[in-house]
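Peer 1: have a look; sequence and predicted model below, questions after that.
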Amino acid sequence: MKIGILTFWWSADNYGQLLQAYALQAYLRGQGHDAYLIRYKWEKDFTPSPLALRLLKACNPVLLFRFFSARRRIRAAKQEQAAFDRGFDAFRDRYIAQSPRVYNSWTELREDPPQADCYIVGSDQVWNFGAIPLARCRSAVHAYFLDFGKPETVRLSYAASWGRVTLPDEYAREIAPLLSRFRYVSVREESGVSLCVQCGFPGARWVRDPTLLLDAEAWRALYKENELREPTGRYLFLYMLGNECEFDIETVYRFARERNLQVVYVTGNSVVDRREKWFATIPEWLALVDHAEYVVTNSFHCCVFSVLFEKRFAVIPLKGAAGGMNARMDSLFELFRMKPRWLRGDFSVLESEADARVPDTFRFDLQEALGETSEGTRESR
């Protein structure tokens, strides 16, 4: 079966984004399907704020400061990415089959739809549109709910993440008729099941992130077939995304010094600071997690690989507008029937062994999914 996968894919520094895209495609190809990535970018499908609102913000010194701070951070991140190539383009070209063209809007997807027998949306936060009013991102919503292509093309989601625990009614009303066209719906967080119910789809299933469709040895085989730079001694691996946290990173360095460990610090999602970093390739990032003495992160996917590689790890909770994404971690802890490993100042959680119980196998049988109805609420575990 020819399958077009719609997910996030364009990052130059978010390792989880590329690894989840790789994982679902690799798994489906392993089942004999001709799976490929639909290269859709959503930036042009977000319209600017109304002029009056922008003028109002320009008169607010706090909002104006935040605006210019964000612009400076993005500019600095792009300069850093240009100076230190992490090989993301090379990884995509080598490991991910891609659509011949890049789709820069929902309009382009409708006018020249990717050829496929089946479309799959997911994983990652493809259904998270933040706090943006629907009027400003309606086209992106329609794209990520697969409102393009032939009517007979099968539509389904695999581990799509809402990245939130509540959904405005205006979104639910817009999404409901789109979701009704899906043959099968699955979400990455348990909280996402109720959001699907709100959108009129009562049969959504809670499933694993696609990175868990491959076992630890499959991931080790991936990084071992590449040339790697490796630290010279024992180390703590620190991986931070740019989401808002209330945490003093210096405490991690202090913890490492007390144990004669170096800190291997890698960032993603445009984090720019003055600390010494490793600009790891994707295979190097996997190896760094696997060989670390400890892992500290605010990244969902870094936690996933910490579990797969049986590491002692701790996760820094997010706050503010990003706080709703903590549900990802809660679902992960429940999935593995483990005690939560939140790092809130007490490093004892990092010293303790992770009590994760990883099932022997994870399955996503596409043929079973295509035979699904809207009955049932979650995948058996």
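Peer 2: That came through fine.
Peer 1: which residue is nearest the centroid of this protein?
Peer 2: Asp124 (3.6 Å; CA atoms, centre = their mean).
Peer 1: pretty sure that one contacts Ser157?
Peer 2: No: counting by CB atoms under 8 Å, Asp124 sits too far from Ser157 to count as a contact (11.3 Å). Placement of C-beta: from N, CA and C, glycine included.
Peer 1: and the strands in this structure?
Peer 2: Shown for the chain, the strands assigned by DSSP state E span residues 2-6, 34-40, 98-103, 118-121, 154-157, 186-187, 205-206, 235-240, 262-267, 294-297, 312-315.
Peer 1: can you redo the ones you listed as JSON lines with mean pLDDT and distance to Thr251?
Peer 2: Formatted as JSON lines, those follow (pLDDT from 0 to 100; distance: least, CB to CB, whole Å):
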{"stretch": "strand 2-6", "mean pLDDT": "98", "distance to Thr251": "40"}
{"stretch": "strand 34-40", "mean pLDDT": "98", "distance to Thr251": "39"}
{"stretch": "strand 98-103", "mean pLDDT": "98", "distance to Thr251": "41"}
{"stretch": "strand 118-121", "mean pLDDT": "98", "distance to Thr251": "39"}
{"stretch": "strand 154-157", "mean pLDDT": "96", "distance to Thr251": "39"}
{"stretch": "strand 186-187", "mean pLDDT": "95", "distance to Thr251": "34"}
{"stretch": "strand 205-206", "mean pLDDT": "92", "distance to Thr251": "34"}
{"stretch": "strand 235-240", "mean pLDDT": "96", "distance to Thr251": "11"}
{"stretch": "strand 262-267", "mean pLDDT": "96", "distance to Thr251": "11"}
{"stretch": "strand 294-297", "mean pLDDT": "96", "distance to Thr251": "10"}
{"stretch": "strand 312-315", "mean pLDDT": "94", "distance to Thr251": "11"}
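Peer 1: returning to that earlier point: how much space separates the residue nearest to the centre of the chain from Tyr158?
Peer 2: Asp124 sits 11 Å away from Tyr158, taking CB to CB, to the nearest Å as the criterion.
Peer 1: Ser161 against Phe129, yeah?
Peer 2: No: Ser161 is beyond contact range of Phe129, at 11.9 Å (criterion: CB under 8 Å).
Peer 1: low-confidence ranges in the stretch 51-200 of the chain?
Peer 2: Counting by pLDDT under 70, the ranges of the stretch 51-200 of the chain that qualify are 51-60, 62-70, 73, 77, 81.
Peer 1: go with 50
Peer 2: 51 (pLDDT under 50).
Peer 1: then the stretch 251-381 of the chain?
Peer 2: 373-381.
Peer 1: all helices of it, in order?
Peer 2: Secondary structure of the stretch 251-381 of the chain (DSSP state H, counting those that start in this stretch): helices at 282-291, 300-308, 326-335, 348-351, 366-370.
Peer 1: which of those helices is buried the deepest?
Peer 2: Most buried of the helices of the stretch 251-381 of the chain, by mean neighbour count (mean count of other CB atoms under 10 Å): helix 300-308, with a mean of 25.
Peer 1: and the contacts of that helix?
Peer 2: Under the criterion CB atoms under 8 Å, 6 or more residues apart in numbering, residues 15-16, 19-20, 209, 211-212, 215-216, 219, 239, 286, 289-290, 295, 297, 313, 315, 325, 328-329, 332, 336, 338, 341, 354, 356, 358 lie in contact with helix 300-308.
Peer 1: rerun at 7 Å
Peer 2: 15-16, 19-20, 209, 211-212, 216, 219, 239, 286, 289, 295, 297, 313, 315, 328-329, 332, 336, 354, 356, 358 (CB atoms under 7 Å, 6 or more residues apart in numbering).
Peer 1: buried only: go through these for me.
Peer 2: Neighbour-count burial (16 or more other CB atoms under 10 Å) applied to those gives 15-16, 19-20, 209, 211-212, 219, 239, 286, 289, 295, 297, 313, 315, 328-329, 332, 336, 354, 356, 358.
Peer 1: and Ser11, how close does it get to Gln20?
Peer 2: 11 Å.
Peer 1: I meant Leu178, not that one.
Peer 2: 22 Å.
Peer 1: what's the neighbour count on Pro113?
Peer 2: 17 (other CB atoms under 10 Å).
Peer 1: nope, Phe255 is what I was after
Peer 2: 19.
Peer 1: do Ala292 as well
Peer 2: 23.
Peer 1: that one and Tyr235 touch, don't they?
Peer 2: Yes: if you go by CB atoms under 7 Å, Ala292 and Tyr235 touch, sitting 6.1 Å apart.
Peer 1: run through the residues that contact the closest residue to Phe148 other than its chain neighbours.
Peer 2: Closest residue to Phe148 apart from its sequence neighbours, by CB to CB, 6 or more residues apart in numbering: Leu109 at 4.1 Å. Counting by CB under 7 Å, 6+ apart, Leu109 touches Tyr40, Tyr103, Ala143, Phe148.
Peer 1: go again with 6 Å.
Peer 2: By CB atoms under 6 Å, 6 or more residues apart in numbering, the residues touching Leu109 are Tyr103, Ala143, Phe148.
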